[in-house]
Structures are given as structure tokens and as C-alpha cells.
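In: here is my input, please return the structure:
(one chain, ligands or ions: 1)
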Amino acid sequence: MTEASSPQIRSNPAPASHAFKATGVLGSMVLLAALLGIWARPMGFLSVVWPANALLLGTLLHRPAWLRPGPMLAAFVGYVCADLMTGSRPEVAVLLSAANMAGVGAAWLFMHRRSHLVLFMQRQTSALLLFTGSGLAALVASAIGGPVLTVVFQTPPWQAFSMWLSSEWLNYMIVLPPMLAWPTRRLQRSPAAPQLPLLLRAIPLLLVVVLEIVSYWLGGPGALAFSMPALLWCALSYRVFTLTLITSALCLSKMLAISLGSFEFTPAHFLESVSFRIGLCMLVLGPLAVASAHAARAELLRQLRHAVNHDVLTDVLARGAFLSQGQRLLDRCAHDRQPMAVLMLDLDHFKQVNDSYGHAVGDQLLRSFGLMLTQVLRPQDLVGRMGGEEFAVLLPQVDRITAQKIARRINQATRELELPQAPDSMPTTVSIGMLHVGALQSLQRLDLLLQQADQALYAAKSRGRDRYETRLWSGPETPALQP
Ligand SMILES: Nc1nc2c(ncn2[C@@H]2O[C@H](COP(=O)(O)OP(=O)(O)OP(=O)(O)O)[C@@H](O)[C@H]2O)c(=O)[nH]1
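Out: I've put the predicted structure just below:
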């Protein structure tokens, strides 16, 4: 799916039960997250850990239908209650909550119209969107909240603004990436890469841990960036979601370390705190950008590979891919001394369909037939279009009786195929030639087995069509025709 064609998130009218659920979830989520943030305040008035805003934004981006007056009011009440419960004056609680909600709203407006793939961390521009969206949220919230802090706590304006901006931005960069990259059905996933042993797969992550330990041990101004190479390696080795968990855990551990004083660097001036937080934002931005670009490239490669290997019309394997994948399957069966059936299938009187109803209907029949084959067969079976209305199938690990049952099932399912564009058409039928190979003794060439299945197909055609004929493999030279 291209970015341009990918569906946009739409707000569907939510039934009452949804609105009730959204109200309950958002209200309690914001309340708990805000309480956590207030409880975890290690540095003065501005909490370092403040997950409420990013959680609210991430939830609304995943569930745009929840953006309704009821749930939004519940979220606002959640912010206000958390502040009141921890001793804030009502007017301050309301103003600070309004600042938080305004930041979330600004980021939502900026981000929600982007395509799924960009928004949910699967495209090259995803990290940029995350960074600018988070920055905008932080800017709006701090532009409103900063003056409130100045008036209420007499914090110098520039200090209030920059401390709020940097901590808010960093919180978004910690909480939002895992929420956006959360694996959902909406995102088409690339098939898992061939799996390495667990220990080998864990090496990039272990390296992050080692470099982090070294950075704490050595300290100094460069320590912030020690783990960058290992993070980039993680970005190229793991799924985006896994990477976001690693970057979030890394940021949290650094913030915890600095709060506990176990990090050499202890901010003496507020600008050092601001610089530290922006540095952390940048530290995670690089690997996130690499990971999302890598995911986009992997998806593109998957689509290219699919286009090369599959028949455009029917989406079953194209001839070349069928022959190469089939040969590998055959070699595996021969190696394990397992039986296999090779089928050649040819739609009967297909020319008449074209001549009577046109090529478009013929194409539709070919598509339906290919789809039916993939539905009737098992996942481990291989289906390919050999050309025109001719298909081939490999059934690994089947005895002759089972293979014949499958062939009968294909004959039956083909008769039941319907052509919506030609309701009065004759029933579709297929002729099948099958070669059943018992335990192979040695490696064989697939094209030779297909030739023998083709001879059985010829017999099925000449014996009246809409049937299957079986040959038993008895060596390359002496194929025996079954009655
Ligand atoms: N619609 C459509 N027709 C195709 C395609 N590829 C091949 N054909 C047509 O398939 C028809 C095959 O006809 P024949 O080889 O005479 O076979 P048949 O009519 O099925 O007769 P039997 O095989 O003897 O039962 C030809 O008319 C081709 O033009 C395709 O991709 N789409």
C-alpha cells in the first residue's frame, strides 16, 4: 500500500457505549498518569516524569472517535483532580490542566491527518513527525503553562518556559513512540526475518547495556552519546516497536540515574537541565528515524519481492518462482524421504468463456480459480500459474489416497465457482493430472516430474475433462499410468 493510497484515520460516530467507555478510560488514565507524574517530581515544581499528556495524545491518535466532549471533559477533570488531590489551588489546577490539554490538542491537529504508515512509525518521515508533533505540543503547553508558573510560583519567565518545554518534549519522546509503533492489525507487517538464535539476536541490546554501564562508569560530557552506535544497530536489527521500548527504557534509566545522583552530571543551572533533556530527545530521535526508514525499506522490498514472485492476475506464484521454490520443497522431501504429489491443472474450454463473455470475465474466472486453490489447499502446499489457464500444485507429505481426495476437492470446488458477471454461464470445470511420488530415493528435477503430471493431465482431458488422472512415480524412465 502506498502512502498516498493508505486510508486516513476517520472519526466514526461512536455509539453511546463507546462514548461511555472512552469517558471512563480517558478520565481514569489521565488521573492516574498525572498522579504518577506529581508523585515522581524529583526536581522542584516541574515533574520530570509526566506521561499523562503523551498517553492522552497517543490514545486519541489510535482512537480518533474518542475525541468527543464527554471523554475530553473527563480527561480535563482527571488533570484537575490530580492537581487538587496533591494540594494545588483550584484556579492553578484549572490553568495548568488547560495548558496540558491545549498542548495535546495542538499536536493532535498537526498529526492526526497523516497517513497510518507515517503516523505509526513505518515511514522515513515518521521520526520527523514525532519530533515536530511532540515539539509543538510542548511549545503550546509551555507557552500557556509557563506564565502561570511565573505568576503563581514567581519562577523567572524564561526558566519556567524552557524547563516546561524541555521536560514535556522529552516525555513525549519517551511515551509516544511505543504507543505509535504498537503492533496493530491496521499495519501490514513484513514477514519475520529468518530467526537467528536468541543470544545472537540479543547482541545489539546487550551492547546498549554495556555501553550504558561504561558511560556511567566513565562519566563526563560525552557519556550521553556512548550508546548511540548500539542504538543504531538495534534500529537495524529489531522491529520499530522493540526499538521504541529500548529508547524509552534508556531515557527513563538516564533520568532516574540523574535524579538519584548516580550520574556524574548534576544540573547546577536550569539551562543544563534543559540541555540534558534536549540531548536525550536527540539521542532517541536518530535511532527512531533509522528504524522507521528501515521498516519502510523492508516493506518496499517485501512488496517488490511479492511482485516479482507472484502472478499479477491471480496472485499465486509466477512460473519462475514456483519452479525454484518447488524444487527446494522437492529437495527437502527427498532428503527426508517423504512422499509428494505434483499436480497440473487446466481449466476446461476456457477459450469458450473468453469468446462468450469477454476477456474480463475470463480474467475474473482465473482470479477466482487461483483464490479457490489457495483456500482449498493447506498452507504448506505450493500453487503456481504456469501460463494461460494452466496451474501447478505441489502437495508435500501426502499419501496417494489423500492427494486424490484433494484433487477431487479441487474438481468439486471448481464446479461451484460462480461468475457474477456471467450468471448464466456453464459450470466451470478443471482437468487435473497428478503424479504421486512415494518416498524419493534421490534428488529429482521438478520440471521432469511436472512433465509426467502433464501427461496425466493430457489423459484427463482426453477421457472427458472435469476429472483427475493419477500416475505413480516409479523412477525417471518408467512412469506407470494408474487406471
Ligand atoms: N482472459 C484470459 N484468457 C487467457 C489468458 N491467458 C490465456 N488465455 C486464453 O485461454 C485460452 C486457452 O484456450 P485453449 O488452450 O484452446 O484451451 P481451452 O479452451 O481451455 O480448451 P481445453 O484446455 O482443451 O479444455 C485462449 O483463448 C487464451 O487466449 C489470460 O490471462 N486471461
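
In: would you agree Met121 is in contact with Arg239?
Out: No. Met121 is beyond contact range of Arg239, at 9.8 Å (criterion: Cβ atoms under 8 Å). C-beta coordinates here come from the backbone N, C-alpha and C atoms, glycine included.

In: ok, those two, which is more surrounded?
Out: Met121 (28 against 19; other Cβ atoms under 10 Å).

In: in what helix or strand does the residue in the stretch 301-450 of the chain positioned nearest to the ligand lie?
Out: The nearest approach of the stretch 301-450 of the chain to the ligand comes at Gly362, 2.7 Å away (Cβ to the nearest ligand atom). According to DSSP states H and E, Gly362 maps onto helix 359-376.

In: mind listing residues that contact that helix?
Out: 311, 313-316, 345, 347, 350, 353-354, 383, 385, 389, 391, 393, 406, 409-410, 413-414, 417-422, 425, 428, 430 (Cβ atoms under 8 Å, 6 or more residues apart in numbering).

In: do the same with stretch 153-171
Out: Contacts of stretch 153-171 (Cβ under 8 Å, 6+ apart): 45-51, 53-54, 103, 134-135, 137-139, 141-143, 145-147, 149-150, 251, 255, 270-271, 273-274, 277-278, 280-281.

In: ok, now how distant is Asp71 from Gly78?
Out: Just so we're on the same page, residue 71 is Pro rather than Asp. 10 Å (Cβ to Cβ, to the nearest Å).

In: which neighbours do these two have in common?
Out: Shared contacts of Pro71 and Gly78, defined by Cβ under 8 Å, 6+ apart, are found at Leu26, Gly27.

In: what residues sit buried inside stretch 145-157?
Out: Gly145, Gly146, Pro147, Val148, Leu149, Thr150, Val152, Thr155 (16 or more other Cβ atoms under 10 Å).

In: what's the lengthiest helix in the chain packed up against?
Out: Across the chain, the longest stretch assigned as helix under DSSP state H is helix 270-309. Counting contacts by 3 or more Cβ pairs under 8 Å, 6 or more residues apart in numbering; DSSP states H and E, helix 270-309 packs against helix 126-153, helix 157-181, helix 228-237, helix 240-260, strand 317-318, helix 319-335.

In: in JSON lines, list these along with mean pLDDT.
Out: Formatted as JSON lines, those follow (pLDDT from 0 to 100):
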{"stretch": "helix 126-153", "mean pLDDT": "94"}
{"stretch": "helix 157-181", "mean pLDDT": "92"}
{"stretch": "helix 228-237", "mean pLDDT": "94"}
{"stretch": "helix 240-260", "mean pLDDT": "88"}
{"stretch": "strand 317-318", "mean pLDDT": "97"}
{"stretch": "helix 319-335", "mean pLDDT": "93"}
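
In: tell me which of those lies nearest to Leu31.
Out: For Leu31, the closest of the helices and strands packed on helix 270-309 is helix 157-181, at 16.2 Å, according to Cβ to Cβ.

In: buried ones in that closest one, by neighbour count?
Out: 159-181.

In: tell me the gap between it and the middle of its chain.
Out: 26 Å (Cα atoms, centre = their mean, to the nearest Å).

In: that one vs helix 126-153, what angle?
Out: Comparing the axes of helix 157-181 and helix 126-153 via axes from the mean of the first three to the mean of the last three Cα atoms, to 10 degrees yields an angle of 140 degrees.

In: got the angle between helix 157-181 and helix 240-260?
Out: 150 degrees.

In: which SSE is immediately downstream of helix 157-181?
Out: helix 198-201.

In: need the CA coordinates for that following helix. CSV is fine.
Out: Taking Å, rounded to 0.1, in the frame of the first residue of the first chain, the C-alpha atoms of helix 198-201 are listed here in CSV:
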residue,chain,number,x,y,z
LEU,A,198,18.2,-15.7,20.7
LEU,A,199,21.7,-14.9,22.0
LEU,A,200,22.8,-13.6,18.6
ARG,A,201,19.7,-11.6,18.3
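
In: neighbours of Ala307, just the number please.
Out: Neighbours of Ala307 (other Cβ under 10 Å): 10.

In: cool, Arg332 as well?
Out: Arg332, neighbours per other Cβ under 10 Å, totals 13.

In: spit out the contact partners of it.
Out: Here Arg332 is in contact with Gln338, Pro396 (Cβ under 8 Å, 6+ apart).

In: drop anything exposed from the contacts of stretch 153-171.
Out: If we count by 16+ other Cβ under 10 Å, those have these buried: 46-51, 53-54, 103, 134-135, 137-139, 141-143, 145-147, 149-150, 251, 255, 270, 273-274, 277-278, 280-281.

In: can I get the helices and strands packed on helix 270-309 in TSV including distance to Ala459?
Out: TSV is the format used below for those (distance: least, Cβ to Cβ, whole Å):
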stretch	distance to Ala459
helix 126-153	57
helix 157-181	56
helix 228-237	53
helix 240-260	54
strand 317-318	25
helix 319-335	22
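
In: dump the ones you listed to CSV, plus distance to the ligand.
Out: Formatted as CSV, the helices and strands packed on helix 270-309 follow (distance: least, Cβ to the nearest ligand atom, whole Å):
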stretch, distance to the ligand
helix 126-153, 39
helix 157-181, 41
helix 228-237, 41
helix 240-260, 39
strand 317-318, 12
helix 319-335, 13
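
In: and these: which comes nearest Arg467?
Out: Using Cβ to Cβ, the helices and strands packed on helix 270-309 put helix 319-335 closest to Arg467, at 23.4 Å.

In: next up, phi/psi of Gly220, please.
Out: For Gly220, the backbone dihedrals (degrees, to the nearest 10) come out as phi 90, psi 170.

In: likewise for Leu394?
Out: Torsion angles, degrees, to the nearest 10, at Leu394: phi -120, psi 130.

In: how many neighbours does it have?
Out: 27.

In: and Leu136, by the same measure?
Out: Residues near Leu136, counting by other Cβ under 10 Å: 18.

In: now His436
Out: 24.

In: what residues are up against it?
Out: So His436 contacts Pro339, Met340, Ala341, Val342, Arg400, Ala403, Thr470, Arg471, Leu472, Trp473 (Cβ under 8 Å, 6+ apart).

In: equivalent analysis for Leu60, please.
Out: Contacts of Leu60 (Cβ under 8 Å, 6+ apart): Trp66, Leu67, Val104, Trp108, His112.

In: just among these, which is most surrounded?
Out: Neighbour max across the contacts of Leu60 (other Cβ under 10 Å) = Val104, 25 neighbours.

In: residue contacts, it?
Out: Val104 neighbours (Cβ under 8 Å, 6+ apart): Asn53, Leu56, Leu57, Leu60, Ala137, Ala141.
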